[in-house]
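> Give the three-dimensional model of this entry:
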Amino acid sequence: MNKNPKVLFIYPGYIVGEQPLCVQYLIAGLKKIDIETRLFHLTPYRKRPYFGDPHRIIRREFMRVLHDFQPDIVGISTMTINFATTREMCKWVKDYNSKIITILGGIHPTIEPEGSIKEKNVDMICVGEGDEAVPELLEKMRSGIDYTDTASFWFKKDGEIIRNEPRPLVQDLDSLPFADRDCLESEYMDAELFGVNMHATRGCPYPCTYCQNKFLMELYKGKGSFCRYRSYENIFAELDELITKYKIKNISFSDETFSLNKKWLYGFLKEYKKRFALPFVCQTRPDLVDREMLQAMKDAGCQFINMAIESGNEQLRKNVLHRNISREKMVEAFRVAREVGIQTGAYNIIGIPGETIENVWETIDINQEINADRIFCTVFMPFKGTSLGEEMLSDEKNILMPVEDAEIYYSTITVKHKILTPRLLLGYQGFFDYYVRLSKKFHFAVHGLRYFYQLLPPVHKAGGIVRAIREMVIESVYHAKRFLPTPGGFYMKRL
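Got it, this is the predicted structure:
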């Protein structure tokens with residue numbers, strides 16, 4: 001390819017608010033070497049047609065972009081729940097022009113490289129971080145030299161698969177360009193609920209059994225520090241650019257464990273409050289904060305912090321999820337955050353293997369005690385690359401529908417639970433907030449509403465008018481949560 005290739009990036013998910021930084025970093029890296037790029041995402045087409053081909057509107061608009069932009073390469077950053085759509089879009093690309101090169105990246109091809117590279121309409125995959133790998137590949141392509149030895153990439157060539165080792169992790173995060181914000185429309189600037197999102201760090205060292213970090217740590221063993229930190233000045237330079245160029249008013253740090261490195265955090269907070277009067281949101285673990293730290297975070301401008309409860313049952317937390325955090329520590333973390341003036345969000349999971357209905361109520365009970373400003377509840381989903389997910393997926397009889405077909409993470413039930421039925425899980429996920437927020441004397445009414453809600457058909461069995469009704473009911477239950485009593489009135493602020 002002795003020319004400057006044009007690259008069309010696809011984000012096959014929905015930008016609910018938080019920007020897809022993984023793609024924006026790659027676009028910034030290619031712009032740095034004068035590669036023309038464009039981004040196509042599915043957010044405007046979230047409402048699918050109820051009759052006929054549900055993808056027809058996406059396909060029509062995507063084909064228009066292919067025709068207008070005429071890319072040489074289409075790169076798709078995909079998660080497992082987006083993979084069915086990703087597979088379909090690769091087919092559309094090849095149907096339009098079989099000479100266009102298709103590349104998959106993101107967590108799914110990293111976790112499941114063999115299956116990803118063997119997809120009929122996929123030419124290459126990137127395993128792991130692509131910040132250095134993708135620009136190197138494009139430089140080789142436009143120079144007309146052999147690129148099949150590029151680290152972190154797998155290729156198809158002459159009926160064979162070339163598998164290159166992942167390159168070492170980027171240790172100097174300051175060497176990377178800032179995520180490109182211009183590739184998205186301005187309405188997608190704000191992160192979920194609060195401000196523009198950005199990363200100050202990379203990597204989480206905790207081996208929770210439902211998370212893929214343990215897999216990634218094994219993948220990169222001996223290839224550099226897994227947890228890495230940007231310098232304060234580098235973060236502040238990006239903030240200055242965001243303030244000057246985009247007039248931002250708030251910031252949301254998307255780091256998994258913002259308070260992991262206590263020394264780094266205190267240094268950051270000290271310098272941040274000297275430079276900025278910019279409120280921010282972050283997330284961390286309840287066992288990684290104390291009163292002194294939370295007060296320092298509040299003094300620097302932290303207005304909201306997300307922390308995970310996951311389960312109210314200690315044995316499930318410790319023995320199944322491998323989150324050895326005591327109930328007392330979790331309650332204390334939320335209580336102290338509230339006392340110093342930081343609003344809180346609590347993450348929860350139901351449908352954990354081995355969980356009973358009594359355990360679900362333990363999770364409801366601890367959420368009533370911590371009284372977070374916002375509550376998140378998801379149904380356990382068994383992802384490949386997680387020890388708990390692999391265990392569930394090892395028995396095909398457990399699978400109700402492939403995770404690749406799920407699309408929606410929070411409420412889709414993909415695996416059989418030995419104790420809790422799919423309908424029961426759907427009901428408790430939908431009405432989790434209601435049970436937490438409302439007095440027990442109103443629970444009889446919640447039980448009745450939940451019962452009728454549970455009659456909704458599974459998503460993979462709903463079509464046409466039935467799907468329309470199903471989506472309308474689910475959205476009504478979700479949006480009605482704004483009327484539930486909350487400590488700080490923060491719930492669903494942007495709606």
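> For Arg56, see how far away the residue lying closest to Ile370 once chain neighbours are set aside is.
Once flanking residues are discounted, Ile370 sits nearest to Phe334: 3.8 Å by CB to CB, 6 or more residues apart in numbering. In this view, the C-beta of every residue, glycine as well, is placed from N, C-alpha and C. Distance, Phe334 to Arg56, by CB to CB, to the nearest Å: 46 Å.
> pLDDT value on Glu187, please?
Note on Glu187: pLDDT of 83.
> How many residues are close by it?
9 (other CB atoms under 10 Å).
> wait, is it part of a strand?
No: with DSSP: H, G, I helix; E, B strand; the rest coil as the criterion, Glu187 is assigned helix and is not in a strand.
> just checking, what packs against the helix or strand hosting the residue nearest to Ile370?
Using DSSP states H and E, the element containing Phe334 is helix 327-340. Applying 3 or more CB pairs under 8 Å, 6 or more residues apart in numbering; DSSP states H and E, one finds that helix 327-340 contacts helix 291-300, strand 302-310, strand 343-350, helix 357-370.
> Extract the CA atoms of the first one and return them as CSV.
Below are the C-alpha coordinates for helix 291-300, written out as CSV (Å, rounded to 0.1, in the frame of the first residue of the first chain):
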residue,chain,number,x,y,z
ARG,A,291,-11.3,10.2,56.1
GLU,A,292,-8.1,12.1,55.5
MET,A,293,-8.0,11.1,51.9
LEU,A,294,-11.7,11.8,51.3
GLN,A,295,-11.3,15.2,52.9
ALA,A,296,-8.3,16.0,50.7
MET,A,297,-10.3,14.9,47.6
LYS,A,298,-13.2,17.1,48.7
ASP,A,299,-10.9,20.1,49.2
ALA,A,300,-9.5,19.6,45.7
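> quick one: buried residues of that helix?
Met293, Leu294, Gln295, Ala296, Met297, Lys298, Ala300 (16 or more other CB atoms under 10 Å).
> Check the residue nearest to Val65 when sequence neighbours are not counted and give its pLDDT.
Nearest non-adjacent residue to Val65, counting by CB to CB, 6+ apart: Phe40, 5.3 Å away. Per-residue pLDDT puts Phe40 at 96.
> what do you get for the one 10 residues further on?
pLDDT, the model's per-residue confidence, is 67 for Tyr50.
> ok, back up a step: can you tell me which of the helices and strands packed on helix 327-340 is most buried?
Ranked by mean neighbour count, the helices and strands packed on helix 327-340 are led by strand 302-310 with a mean of 23 (mean count of other CB atoms under 10 Å).
> Kindly calculate the angle that it makes with helix 327-340.
Between strand 302-310 and helix 327-340, the angle comes out at 160 degrees (axes from the mean of the first three to the mean of the last three CA atoms, to 10 degrees).
> Please enumerate residues in contact with strand 302-310?
For strand 302-310, the surrounding residues in contact (CB atoms under 8 Å, 6 or more residues apart in numbering) are 193-194, 250, 279-286, 289, 294, 297, 317, 321, 323, 330, 333-334, 337, 342-349, 352, 363, 366-367, 370, 373, 376, 490.
> again, only using 7 Å
Applying CB atoms under 7 Å, 6 or more residues apart in numbering, the contact partners of strand 302-310 are 194, 279-286, 317, 321, 323, 330, 333, 337, 342-349, 363, 366-367.
> in the helix holding Phe334, what's buried?
Of the residues in helix 327-340, those buried (16+ other CB under 10 Å) are Arg327, Met330, Val331, Glu332, Ala333, Phe334, Val336, Ala337, Arg338, Val340.
> how close does the fourth one get to Glu362?
Glu332 sits 18 Å away from Glu362 when distances are taken as CB to CB.
> Tell me where the stretch 51-200 of the chain has strands.
Counting by DSSP state E, counting those that start in this stretch, one finds strands in the stretch 51-200 of the chain at the ranges 73-77, 101-105, 124-126, 153-157, 160-163, 196-198.
> Could you export those strands as TSV, including distance to Met217 and mean neighbour count?
Below are the strands of the stretch 51-200 of the chain laid out as TSV (distance: least, CB to CB, whole Å; neighbours: other CB atoms under 10 Å):
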stretch	distance to Met217	mean neighbour count
strand 73-77	21	26
strand 101-105	19	23
strand 124-126	19	27
strand 153-157	21	19
strand 160-163	20	12
strand 196-198	23	22
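> can you redo those strands as JSON lines with mean pLDDT and distance to Met392?
Formatted as JSON lines, the strands of the stretch 51-200 of the chain follow (pLDDT from 0 to 100; distance: least, CB to CB, whole Å):
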{"stretch": "strand 73-77", "mean pLDDT": "98", "distance to Met392": "25"}
{"stretch": "strand 101-105", "mean pLDDT": "98", "distance to Met392": "24"}
{"stretch": "strand 124-126", "mean pLDDT": "98", "distance to Met392": "25"}
{"stretch": "strand 153-157", "mean pLDDT": "97", "distance to Met392": "27"}
{"stretch": "strand 160-163", "mean pLDDT": "97", "distance to Met392": "27"}
{"stretch": "strand 196-198", "mean pLDDT": "92", "distance to Met392": "31"}
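> any chance of the ones you listed in JSON lines, plus distance to Leu176?
Below are the strands of the stretch 51-200 of the chain laid out as JSON lines (distance: least, CB to CB, whole Å):
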{"stretch": "strand 73-77", "distance to Leu176": "16"}
{"stretch": "strand 101-105", "distance to Leu176": "16"}
{"stretch": "strand 124-126", "distance to Leu176": "16"}
{"stretch": "strand 153-157", "distance to Leu176": "19"}
{"stretch": "strand 160-163", "distance to Leu176": "26"}
{"stretch": "strand 196-198", "distance to Leu176": "12"}
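> out of those, which comes closest to Val477?
strand 196-198 (27.1 Å; CB to CB).
> so what does the closest one touch, helix or strand wise?
strand 251-253 (3 or more CB pairs under 7 Å, 6 or more residues apart in numbering; DSSP states H and E).
> mind listing what's buried in stretch 387-394?
Leu388, Gly389, Met392, Leu393.
> thinking again about what came up before, out of the strands of the stretch 51-200 of the chain, which is closest to Lys270?
strand 196-198 (19.2 Å).
> hmm, who's touching that closest one?
For strand 196-198, the surrounding residues in contact (CB under 7 Å, 6+ apart) are 18-19, 21, 179, 189-191, 238, 242, 248, 251-254.
> Looking at the residues you listed, which is nearest Ile35?
Closest to Ile35, out of all of those and judged by CB to CB, is Ala179, at 16.0 Å.
> and the closest residue in space to that closest one that isn't next to it in sequence, how many residues sit next to it?
In this structure, Ala179 finds its nearest non-sequential neighbour in Gln24, 3.8 Å apart by CB to CB, 6+ apart. The number of residues packed near Gln24 is 22, by other CB under 10 Å.
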